[in-house]
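S.K.: pasted the sequence and its predicted model underneath.
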Amino acid sequence: MSALVATAESNVVGHPPVLSGRVGVRATLRHSFAIARRNLLQVRNDPGQLVDSALMPIVFTLIFLYVFGGAIWSGREGDYRQYLLPGIMVQTIMFASRATGFTLSMDFGTGIMDRFRSLPIARSAVLSGRIIADVARLLLGQVIMLSFALLIGFEVRTSLLLAVGAVALVLLYGTALAWLSAVIGLVLRSPTTVSSAGFLWMIPLQFGSSMLVPTSTMPGWMRAFAEVNPTTLVTDACRNMLIGGPWTGAATNALAWSVGILVVAVPLAVRLYNRR
């Protein structure tokens, strides 16, 4: 970030910066990682930003496993542990991805976006830098959640390669949702409204899925929705890649959903950022 500021200052001293409409790929990546570093430094200075990706999943696990687990799974706590914890991994990524839109809205409110616009950087770097930092935060949340799951008795019954693939698939879904959250943060002006809206639209995606209970236990109309819900596809693929079972079909469909969301949300977010 300091390099970007220095570049801007040197341009001001010599002559006004000449900003072309196109920025090379290497320069865009350099700008993106500089802004990502700035965002990660904010997290280091304010560790409370990690609550949704590190602490809340552990709280939800304890509640659903030890409070509701006996009633949901007929007292078979061990079986429900194997079913539940991959779902909590997906829930972790979904809760944490909401922060993208909120932090973007906050940056607009504090005026930092005006400073970014005055710098000779790629416009897409502000958004991609935000996403890079958030993906790092999402990955940290997954590591913490999986470590906690193993600590309380969860068993990975497949291979290390499939376990890594499960985490990668969940991260891809989280990245897609983060871009979607960015769109919401750019459309709505108030950080409070962005936070509320981000919570509301995720409720049906989370609880209308196989995240916490099998879809076979749901009424027919809800089951129809749950079985095409991308959260169900990601959860089923992650679950079977960790504990065993057919996963290729669910993983393929989950990958298609994630890529589809990215194809729509990324250019839309860039366009909204440029207009705002």
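M.R.: Structure's in. What do you need? All figures in this text were calculated on a predicted structure; none of them were measured in a lab.

S.K.: for the strand or helix carrying Leu62, buried residues please.
M.R.: In the assignment (DSSP states H and E), Leu62 maps to helix 56-63. Within helix 56-63, the residues that count as buried by 16 or more other CB atoms under 10 Å are 56-58, 60-61. Every residue, glycine included, has its C-beta placed from N, CA and C.

S.K.: what's near enough to touch the residue nearest to Tyr80 when sequence neighbours are not counted?
M.R.: Closest residue to Tyr80 apart from its sequence neighbours, by CB to CB, 6 or more residues apart in numbering: Trp73 at 3.6 Å. Listed by CB atoms under 8 Å, 6 or more residues apart in numbering, the contact set of Trp73 reads 79-80, 83.

S.K.: could those residues be laid out in a markdown table, adding neighbour count and pLDDT?
M.R.: Formatted as a markdown table, the contacts of Trp73 follow (neighbours: other CB atoms under 10 Å; pLDDT from 0 to 100):
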| residue | neighbour count | pLDDT |
| --- | --- | --- |
| Asp79 | 12 | 84 |
| Tyr80 | 21 | 88 |
| Tyr83 | 20 | 92 |
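
S.K.: for those, which one is nearest Leu151?
M.R.: Proximity of the contacts of Trp73 to Leu151 (CB to CB) peaks at Tyr80, which lies at 16.8 Å.

S.K.: where does pLDDT dip in the stretch 51-200 of the chain?
M.R.: The stretch 51-200 of the chain contains residues with pLDDT under 70 at 52-53, 74-78.

S.K.: just the helices in it please.
M.R.: 56-63, 69-72, 77-97, 99-110, 112-118, 123-151, 160-187, 191-207 (DSSP state H, counting those that start in this stretch).

S.K.: can you say which of those helices is nearest to Arg275?
M.R.: helix 160-187 (8.5 Å).

S.K.: which helices and strands sit right next to the closest one?
M.R.: Under the contact criterion of 3 or more CB pairs under 8 Å, 6 or more residues apart in numbering; DSSP states H and E, helix 160-187 touches helix 77-97, helix 99-110, helix 123-151, helix 191-207, helix 230-243, helix 248-275.

S.K.: for that helix, the distance to its chain's centre please.
M.R.: Relative to the chain's own centre, helix 160-187 is displaced by 5 Å; criterion: CA atoms, centre = their mean, to the nearest Å.

S.K.: gap between the spatially closest residue to Gly69 that is not a sequence neighbour and Met89?
M.R.: Spatial nearest neighbour of Gly69, excluding adjacent residues (CB to CB, 6+ apart): Tyr80 at 4.6 Å. Separation of Tyr80 from Met89 (CB to CB, to the nearest Å): 15 Å.
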